[in-house]
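# Take a look and give me a structure for this.
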Amino acid sequence: MKVNLLILLLITTLALSACNHEPEEHEFTFKGESENWSVEITGVFSPGSGDVYEEADAVYTYEGEEDEIRSVVIHTYALGERVRIGKEEDRLSSMESVETNFRNYSFWTLNDQGHDMIVDFKWREGDQNTKVEETITLEFIE
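As a prediction, this is how the structure comes out:
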């Protein structure tokens, strides 16, 4: 009788501890730079935490020498799959950066599946409104 009670108690304890197990959160960072731009995307992936399971913040910073950027279009995506249509800005802020956030864009999952994260920049600069383009493949920082 005591053995049966002990087994029942053990099974109940294991079942309750399994129910209370929450999935592990994962923090992530992607970085990259080119001749004219630097990118940093940081975020948290929380599997099973409801409607919003991934939140990330991105900072795109202009590092070039040209003082006057007329406009910039930034596309962030995974190779082979569009993650975001893009963000268009008429002008950069006084700090020469663009900041945005992403919700549920699957950075963590796509990186885990082996996809490269890519950022395309297209902008116009200077008095002659010269069109310039660059692409950065981001590095996953653990």
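# Please pull out the lowest mean pLDDT helix or strand from the chain.
The helix or strand of the chain with the poorest confidence is strand 87-89; it has a mean of 55 (mean pLDDT, DSSP states H and E).
# Tell me the helix or strand right after that strand.
strand 97-103 (DSSP states H and E).
# Buried residues of that next one, list them for me.
By 16 or more other C-beta atoms under 10 Å, the buried positions in strand 97-103 come out as 98, 102. All C-beta atoms are positioned from the backbone trio N, CA, C, and that covers glycine.
# on contacts alone, who are the packing partners of it?
strand 54-62, strand 69-78, strand 87-89 (3 or more C-beta pairs under 8 Å, 6 or more residues apart in numbering; DSSP states H and E).
# in what helix or strand does Ile11 lie?
Per DSSP H and E: helix 2-19 holds Ile11.
# what's the average pLDDT for stretch 119-131?
Per-residue pLDDT over stretch 119-131 has a mean of 87.
# same question, stretch 26-39
For stretch 26-39, mean pLDDT rounds to 95.
# Can you point out the buried residues in it?
Residues of stretch 26-39 classed as buried by neighbour count (16+ other C-beta under 10 Å): 28, 30, 32, 36-37, 39.
# and for it, what are the contacting residues?
Stretch 26-39 is contacted by residues 40-46, 56, 58-64, 107-108, 111, 117, 119, 121, 132, 134-141 when judged by C-beta atoms under 8 Å, 6 or more residues apart in numbering.
# for it, how far is the first residue from the last?
20 Å (C-alpha to C-alpha, to the nearest Å).
# Tabulate the helices and strands packed on strand 97-103 (a markdown table), appending mean neighbour count.
Shown next, in a markdown table, are the helices and strands packed on strand 97-103 (neighbours: other C-beta atoms under 10 Å):
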| stretch | mean neighbour count |
| --- | --- |
| strand 54-62 | 19 |
| strand 69-78 | 19 |
| strand 87-89 | 14 |
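# Dump the ones you listed into a markdown table; add distance to Ile11 as well.
Formatted as a markdown table, those follow (distance: least, C-beta to C-beta, whole Å):
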| stretch | distance to Ile11 |
| --- | --- |
| strand 54-62 | 35 |
| strand 69-78 | 44 |
| strand 87-89 | 53 |
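# Lovely, talk soon.
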